[in-house]
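J.: Just to be clear, the model below is a prediction. Sequence and coordinates:
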Amino acid sequence: MARHIHLSGICGTAMASLAGLLRLEGHRITGSDKAAYPPMSDLLRRLGIPVAEPYAEANLEPRPDLVVIGNALSRGNPEVERVLDERIPFTSVAALLREEFLKGRESLVVAGTHGKTTTTAMLAWIYQVAAREKPELEPSFLIGGVAENFGSSFQLRPTPAFIVEGDEYDTAFFDKGPKFLHYFPGGLILTHVEFDHADIYADLEAVKTAFKRLVNLVPRRGLIVAYDGNANVTECVERALSRVERYGLSEGADWRIRNLRYETDSAGPWMRWEIWRQGAVWGEPEMRLAGEHNALNATAAAALAAGQGIGKEAICAALASFKSVKRRLEVRARIGGVTVIEDFAHHPTAIRETLRTLRALYPRARLWVILEPRSNTLRRKVLAGELVESLLLADCVALAGVYQQERIPEAERLQPEEVVSALNAAGAESELHADADAIVDAVAPRLASGDVVAILSNGGFGGIYEKLPARLRERFGESAGRGGERGA
């Protein structure tokens, strides 16, 4: 039966994807958010789903049958208060996803501190390619980003497999457990386990406890594919009652990566590597992506797909045609010999892997990093030392002021001045600016042909992804080109 479902916080990646799935089921969908920005605002516009800005009690007129409350909302939000005052039925993203879509299907969950969005997209594409020969394999999925092979972050099919990104962040203000505990995986990929989400987890032990609980939900018949290069992952899976297969670079890995190499041709960079199993080469996949972390992500997806009965040929064909996810090493422009790249950076380890990849792809370039400390972890000082170490891989760093710094307790706040001071002392030319506009004013005149600029944020960052290329076009002239292609 079709219902009117309102999503409060609809521009979050999971929320927008859920909105699309619900729309496919025939429900009437409305939504609201504090502010809408791409890529999810673009997705919702294409779906014809109206987004009200900002939050307001009037957004719940006419009264919906159900309200989905995003995990960024808390008591005091006008929509939350009206829902509670009037006893409008409400739920969370994770709970509704399970009730509406996962029941009766085989849930394949990709979890971990890093790499889960890209790995989920890879696994979904492997299933999609395999479905060319076996239509029953065509997957439903929900991904925390727009998968470029699909042009979407969701898909719904009447088939058994539902592939879902498993987020360890809390579910809602009324459900402080991790989202992924709602998904009851039949198969699980576990990429990394590190301290993150400092706003909800007290320490690394609390993070590990959450992942151990997820592992404990996998049935005995299930398969866990776990990274072997992280001691925290090992601790989380060591008591699993299901089958566990490890992937990584070590000699003891069940799915071992060897002989990783990069090449570049007229279409851009690509990489090839060997996957070894039981002392022999299982396959030699290639991808139009770069970075050791992407080879690891692809190998994990290959291992879980193979464990579900998908053949090597389909797996390698899918990886060879895999495009990526929006906002992951996405080339936004090439203007006057300057390459501008966007990446969804939320943690010092992710920043480090992004910069390592860019160093490999552009070994002779001067590498600029423009960073907005926006995630709940980066806005806090708890990983400030690790952040400095990661940023030292750049030649020049422009750091923005901490996003909504006033919302972080003073004793916990990242001090960006200290980060810049530490970077300069270590030899990385660094500076602090108030916002995106100030960064564009300071950086654009100093960029030269051959430079690579990595813009790192997990949010809209004041529109800098468009503002910096626009300023470069003014400087170099329209004939310098608009870019926007995939190149890293």
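T.: Nice, I can see it.

J.: Which residue ranges of the protein form helices?
T.: 13-24, 40-47, 78-86, 93-97, 116-130, 204-215, 231-237, 292-307, 312-320, 348-361, 384-391, 416-425, 436-443, 464-476 (DSSP state H).

J.: Let's have those helices in JSON lines, adding mean neighbour count and mean pLDDT.
T.: Where you see a C-beta, it was placed from the backbone N, CA and C, and this is true even at glycine. Converted to JSON lines, the helices of the chain look like this (neighbours: other CB atoms under 10 Å; pLDDT from 0 to 100):
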{"stretch": "helix 13-24", "mean neighbour count": "24", "mean pLDDT": "93"}
{"stretch": "helix 40-47", "mean neighbour count": "18", "mean pLDDT": "85"}
{"stretch": "helix 78-86", "mean neighbour count": "16", "mean pLDDT": "98"}
{"stretch": "helix 93-97", "mean neighbour count": "22", "mean pLDDT": "97"}
{"stretch": "helix 116-130", "mean neighbour count": "28", "mean pLDDT": "96"}
{"stretch": "helix 204-215", "mean neighbour count": "18", "mean pLDDT": "96"}
{"stretch": "helix 231-237", "mean neighbour count": "18", "mean pLDDT": "97"}
{"stretch": "helix 292-307", "mean neighbour count": "25", "mean pLDDT": "96"}
{"stretch": "helix 312-320", "mean neighbour count": "20", "mean pLDDT": "97"}
{"stretch": "helix 348-361", "mean neighbour count": "21", "mean pLDDT": "87"}
{"stretch": "helix 384-391", "mean neighbour count": "20", "mean pLDDT": "90"}
{"stretch": "helix 416-425", "mean neighbour count": "17", "mean pLDDT": "92"}
{"stretch": "helix 436-443", "mean neighbour count": "18", "mean pLDDT": "95"}
{"stretch": "helix 464-476", "mean neighbour count": "19", "mean pLDDT": "93"}
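
J.: Which among the ones you listed is found nearest to Ile370?
T.: helix 436-443 (5.8 Å; CB to CB).

J.: residues making contact with that closest one?
T.: The contact list for helix 436-443 (CB atoms under 8 Å, 6 or more residues apart in numbering) reads 368, 370, 372, 398, 400, 431, 433, 453, 461-464, 467-468, 471.

J.: Which of these sits closest to His346?
T.: Glu372 (10.6 Å).

J.: Just list the residues touching the residue nearest the centre of the chain, thanks.
T.: Central residue of the chain (CA atoms, centre = their mean): Thr117, 4.2 Å from the mean position. Residues in contact with Thr117 (CB under 8 Å, 6+ apart) are Ile143, Gly144, Gly145, Glu165, Val325, Arg328, Phe344.

J.: Cross the residues you listed against strands and list the overlap.
T.: Here DSSP state E is the test, and these give Ile143, Gly144, Gly145, Glu165 as lying in strands.

J.: Figure out which of the helices of the chain is closest to Phe154.
T.: helix 13-24 (4.2 Å).

J.: Just give me how far that closest one sits from the chain centre.
T.: 16 Å (CA atoms, centre = their mean, to the nearest Å).

J.: Turn the helices of the chain into a markdown table, including distance to Arg272.
T.: Below are the helices of the chain laid out as a markdown table (distance: least, CB to CB, whole Å):
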| stretch | distance to Arg272 |
| --- | --- |
| helix 13-24 | 31 |
| helix 40-47 | 33 |
| helix 78-86 | 50 |
| helix 93-97 | 36 |
| helix 116-130 | 16 |
| helix 204-215 | 32 |
| helix 231-237 | 26 |
| helix 292-307 | 9 |
| helix 312-320 | 10 |
| helix 348-361 | 14 |
| helix 384-391 | 27 |
| helix 416-425 | 35 |
| helix 436-443 | 35 |
| helix 464-476 | 31 |
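
J.: looking at those helices, which is closest to Arg3?
T.: By CB to CB (comparing all of these), the closest turns out to be helix 13-24, at 8.7 Å.

J.: in terms of contact count, name the helices or strands touching that closest one.
T.: Applying 3 or more CB pairs under 8 Å, 6 or more residues apart in numbering; DSSP states H and E, one finds that helix 13-24 contacts strand 4-8, strand 28-32, helix 40-47, helix 93-97, strand 140-147, strand 152-155.

J.: Switch those over to TSV, and while doing so, append distance to Ala318 to every line.
T.: Formatted as TSV, the helices and strands packed on helix 13-24 follow (distance: least, CB to CB, whole Å):
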stretch	distance to Ala318
strand 4-8	31
strand 28-32	31
helix 40-47	23
helix 93-97	25
strand 140-147	12
strand 152-155	15
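
J.: Arg256: which of these is closest?
T.: Nearest to Arg256, of these and by CB to CB, is strand 140-147 at 26.9 Å.
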